[in-house]
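Visitor: I would like the atomic coordinates for the input below:
(2 chains)
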Protein chains: 2
Amino acid sequence: MKKDRALSVLSENQKKSYAYNYALSSIYLDSLTAAPRDTAAPRGAALEILSAESYKISTDPALGEALEELSAISSELPPETARQVELLKRERDRIGRIPQNEYVAFRRLVNDAENVWHDAKLSDDFPAFAPYIEKMVETLIRFAGYTDSGRGLSNYDSMLDQYERGLRCDTLDKFFSVVRSTVVPLVAAIKENGAPVKTDFLSGLWPISAQKELSSELMKLLGIDPAHCTLGETLHPFTLEFNKYDVRITTRYDESDVLSSMYSVIHEGGHALYELNGSDSHMYTCLAGGISMGVHEAQSRLYENVIGRSRGFIGLVHPVMKRLFPDKMENVSADELYRAVNRCEPSLIRTEADEVTYPLHIMVRYEIERALFNEGLRVSDLPEVWNSKMKEFLGVDVPDNSRGVLQDSHWSGGSFGYFPSYAIGSAYSAQLAQKMRSEFDFDGEIASGNIPRITSWLSERIYRHGCMFDPAELMENCFGGKFDPSVYTRYLSEKYSEIYRL
Amino acid sequence: MKKDRALSVLSENQKKSYAYNYALSSIYLDSLTAAPRDTAAPRGAALEILSAESYKISTDPALGEALEELSAISSELPPETARQVELLKRERDRIGRIPQNEYVAFRRLVNDAENVWHDAKLSDDFPAFAPYIEKMVETLIRFAGYTDSGRGLSNYDSMLDQYERGLRCDTLDKFFSVVRSTVVPLVAAIKENGAPVKTDFLSGLWPISAQKELSSELMKLLGIDPAHCTLGETLHPFTLEFNKYDVRITTRYDESDVLSSMYSVIHEGGHALYELNGSDSHMYTCLAGGISMGVHEAQSRLYENVIGRSRGFIGLVHPVMKRLFPDKMENVSADELYRAVNRCEPSLIRTEADEVTYPLHIMVRYEIERALFNEGLRVSDLPEVWNSKMKEFLGVDVPDNSRGVLQDSHWSGGSFGYFPSYAIGSAYSAQLAQKMRSEFDFDGEIASGNIPRITSWLSERIYRHGCMFDPAELMENCFGGKFDPSVYTRYLSEKYSEIYRL
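Guide: Numbering: from 1, shown residues only, chains lettered A, B, ... in the order given. You can find the predicted model right below:
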């Protein structure tokens, strides 16, 4: 295949992938927002066909030839083209090494597992779900053998690598050892000696219509252009990107919890800003969009916690809330609001965790996953291990498996190795903030409402690069040095020691 | 190609078409309901690719071979399979006869025309749009030459045939001559001698939240299952079917016009009931869904006008409205409501026309389209012809082209020959009602709230057949005889003579 032809195959193939992803995203979004209740089966029939077509595109033999041709002359190619070749080849090799019948069997297993997990969680029946975990772990270890291809990764390293290229147990072990030695005692100290934080004003009802106005104000504060990003409502908030000019975020309104939607909007808003500030030249290629889960989570948590739960940001939100909720906010000062949004309360459920206990929830999952994949932990021992770690790290007693080992959907979806990217993202966000503080008046810009100054710094260093760099390289370029987990734990210690007057 | 293989190609091809239509519908729906404002360009890029893929499916050479093979042994096939072969072959022949470059040029022309029309309508600039009408008519006449293939149709017959298979000028000339001789004088008599209809209570504001409750009540009355059909909001109401288990209808709420959304919901609800009551065995094939625009419109107008504007139905809605709008409805009797929803007021805009003046709006368009295609009417003469026909049929003076010849989007979309199906649908609906009255207590069932009795009659005679029969045959089977336009005009005369005490 000639170079020109190969380049044209490369470009056409990526455009097609874009179109199919667009279609699949649209159907997915509709299924969660507008579709009537009993419509899943015929939607599934359409999705099956479209997914198969989409799979054909990524495994098209003409693409394979083009990639071979172009990777041989990679050094002559413009960097963006060379990177497209690298990423497409990497993904193709990975998928190509798994025998198709085994892959199909795994998809079927996941499909079954999702249903079984759903029922098991409802009925607190871990033994019903256990065989699926066993089978999935077994299959994924086999797949790791196929795809590792001599890189000498441990089984669990292979899992991590899928979600966060280059992330290894080695790094995470160090990371969590710092977390364990600093955050566990911090949480314990808060519990024992923390000055009380006033949260009584948060109770009662917060009218949804005013909450919706608050959402609009928050999106304005974040500098999100409503012509390119709208806010919808779903049971679980998420961000969905069609392309850099069309991003959707969702939230969920709870009349008795104003903070729930407020911080969902800011969190998803952070994801959205990453996508909205990509590069035009990456559109319709595999370079468009965020590079990894960890880097994405770094953005959402930076906006949600480092910015959104800062004194400066609360200073901006406090008058807005006083206007929208005059009765409830009548006697609440900005400082009281600041402390309330940062209250720390060890609890059972990860998705409801506060900023400081959050990494401890992830540490439980990390240690269990690592043990399952690398140390032969028996699945039947999971509940016991889960419960004892929750007690050790968070000091809480787990009353049942529904609120314990069965709480998350990730394992039922076959996603092992995904959780750590949540924690690593939080840690990245602290180090990003530290770097920004060294270059400009980060806290001053927040306090004066200039969030776009921060977004523009991040766009320059991260967002505009799309998938040009692997996550670790991208982050190191940003930090101007290695990833340092102690930046994160120091940030947490300082912030929470002040709030709880430790 | 062997028969078994041909059958499998036939089935796979239709399933694929279903999947692509599903994707395109989902993207279309999203673009009208949820997408942010400035997102059209990258959506267009995805749509272009998906449409091209979808086009490939219908022109797949393997399908061509299969259709040849199967049509040769059509009499041995089950009737449903034979019909699939017939319909797919028909469509393929039609499209296949138009040279691809000419087809692409036409699509581009339409695309440009839509933008030009939009601006021309805003600025009342008919001359800007006129060249596009000329070019489209010229192209469509050329296409008719390609696709007619010796059937000896007139140019305009070919246009009609696309939207309502078998419908000819001949039939429409007779139809409109009856309309002209009965409805034109009826409207004139209402204007001159009609007893006044009290409508003052319709003015003022009708809270949207109560209007939404009214929508739910209406859907309940119609027997629409919310698990398979939901109501959304769009600028222009429409019905979109993904499949018989997933239909979406939309409405638009106007705080100062309670009847606008009320009758949109019933109208679109009628379309939805047709789609929702198809046959399971037609799913994922070209037999699924309504057979034609005219038959579809017969359903929507049957529910909207014959049922929804009947005394019986108003008897059901009146207490609901009194409950939802206690202040506004305090002194309004069911009879007053009945007369108000049936008020006749000749006006300029088709989409706002009442039941009795509606066919006159269509007659204007029919006569103009027929003259453009069959009699060489010059496009530059359109405004004058339009205005004089509006005066003649409806007695109104057209103040500008925006509210005259430029009002509808159909021509800008290249849809000539489409309008008559609206009128023919209304006429079908009257004859369907007549037939039902001869078989059961149609009006009694409505009055007692048993709308599903009517839907079940229609399902048995029409809905479950999907696309098994061409529209004229389907309707004649239903009527037990020929289409008779005088049933429709007699219905209008009797109903409106009573309301206006003529």
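
Visitor: for chain A, which residue occupies the most central location?
Guide: Centroid-nearest residue in chain A: residue A:297, 4.3 Å away (criterion: CA atoms, centre = their mean).

Visitor: now the longest helix seen in chain A against helix B:3-33, angle please.
Guide: As assigned by DSSP state H, the longest helix anywhere in chain A is helix A:3-33. Orientation of helix A:3-33 against helix B:3-33 (axes from the mean of the first three to the mean of the last three CA atoms, to 10 degrees) gives an angle of 70 degrees.

Visitor: tell me if helix A:3-33 is near chain B.
Guide: Yes. Helix A:3-33 reaches chain B (CB under 8 Å from any CB of the partner chain) through A:15-16, A:18-20, A:22-24, A:26-27, A:29-30, A:33. C-betas here are computed from N, CA, C, even on glycine.

Visitor: and for stretch A:254-265?
Guide: No. Applying CB under 8 Å from any CB, one finds stretch A:254-265 separated from chain B by no less than 15.5 Å.

Visitor: what lies in contact with that stretch?
Guide: Contact with stretch A:254-265 is made by A:202-208, A:211, A:214-215, A:218-219, A:231, A:237, A:249, A:251-253, A:304, A:308-309, A:317, A:321, A:325, A:341, as judged by CB atoms under 8 Å, 6 or more residues apart in numbering or on different chains.

Visitor: which residue sits closest to residue A:411, ignoring its sequence neighbours?
Guide: In this structure, residue A:411 finds its nearest non-sequential neighbour in residue A:133, 6.0 Å apart by CB to CB, 6 or more residues apart in numbering or on different chains.

Visitor: got CSV for the residues of helix A:3-33 next to chain B, with pLDDT too?
Guide: Formatted as CSV, the residues of helix A:3-33 next to chain B follow (pLDDT from 0 to 100):
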residue, pLDDT
A:15, 97
A:16, 97
A:18, 97
A:19, 97
A:20, 97
A:22, 97
A:23, 97
A:24, 95
A:26, 97
A:27, 96
A:29, 95
A:30, 95
A:33, 92
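
Visitor: what subset of those is buried?
Guide: Burial by neighbour count, 16 or more other CB atoms under 10 Å in any protein chain shown: within the residues of helix A:3-33 next to chain B this picks out A:15-16, A:18-20, A:22-24, A:26-27, A:29-30, A:33.

Visitor: for stretch A:401-408, the distance to its chain's centre please.
Guide: Averaging C-alpha positions (CA atoms, centre = their mean, to the nearest Å) puts stretch A:401-408 20 Å from its chain's average.

Visitor: give the buried residues for that stretch.
Guide: Buried residues in stretch A:401-408 (16+ other CB under 10 Å): A:401, A:402, A:403, A:404, A:405, A:406, A:407, A:408.

Visitor: so residue A:465 sits against residue A:471, correct?
Guide: No. Under the criterion of CB atoms under 8 Å, residue A:465 makes no contact with residue A:471, lying 10.9 Å away.

Visitor: tell me which of those two has more neighbours.
Guide: Neighbours per residue, other CB atoms under 10 Å in any protein chain shown: of residue A:465 and residue A:471, the larger number sits with residue A:471, 26 against 21.

Visitor: residue contacts, the nearest residue to the more buried one once chain neighbours are set aside?
Guide: Spatial nearest neighbour of residue A:471, chain neighbours left out: residue A:292 (4.2 Å); criterion: CB to CB, 6+ apart. Residues near residue A:292 by CB under 8 Å, 6+ apart: A:163, A:164, A:165, A:421, A:471.

Visitor: what about the first one, neighbour count?
Guide: Look at residue A:163: counted by other CB under 10 Å, it has 19 neighbours.

Visitor: and for the second one?
Guide: Using other CB under 10 Å, residue A:164 has 25 other residues around it.

Visitor: distance of it relative to residue A:409?
Guide: As judged by CB to CB, to the nearest Å, residue A:164 and residue A:409 stand 19 Å apart.

Visitor: need phi/psi at residue A:325.
Guide: Phi and psi for residue A:325, reported as degrees, to the nearest 10, are phi -130, psi 60.

Visitor: surely it is in contact with residue A:206?
Guide: Yes. Proximity of residue A:325 to residue A:206 meets the contact threshold set by CB under 8 Å, at 6.1 Å.

Visitor: who's in contact with residue A:65?
Guide: With the criterion set at CB under 8 Å, 6+ apart, residue A:65 makes contact with A:1, A:6, A:9.

Visitor: now do the buried residues in stretch A:152-168.
Guide: For stretch A:152-168, by 16+ other CB under 10 Å, it's A:153-165, A:167.

Visitor: next step: the contacts of stretch A:254-265 restricted to helices.
Guide: A:208, A:211, A:214, A:215, A:218, A:219, A:317, A:321, A:341.

Visitor: who are the contact partners of the closest residue to residue A:178 other than its chain neighbours?
Guide: Leaving aside its sequence neighbours, residue A:178 sits nearest to residue A:485 (CB to CB, 6+ apart; 4.5 Å). Taking CB under 8 Å, 6+ apart, we find residue A:485 in contact with A:174, A:175, A:178, A:179, A:427.

Visitor: let's see the pLDDT reported for residue A:485.
Guide: Looking at residue A:485, its pLDDT stands at 96.

Visitor: same thing with residue A:149?
Guide: 69.

Visitor: ok, the one 3 residues further on next?
Guide: With respect to pLDDT, residue A:152 scores 86.
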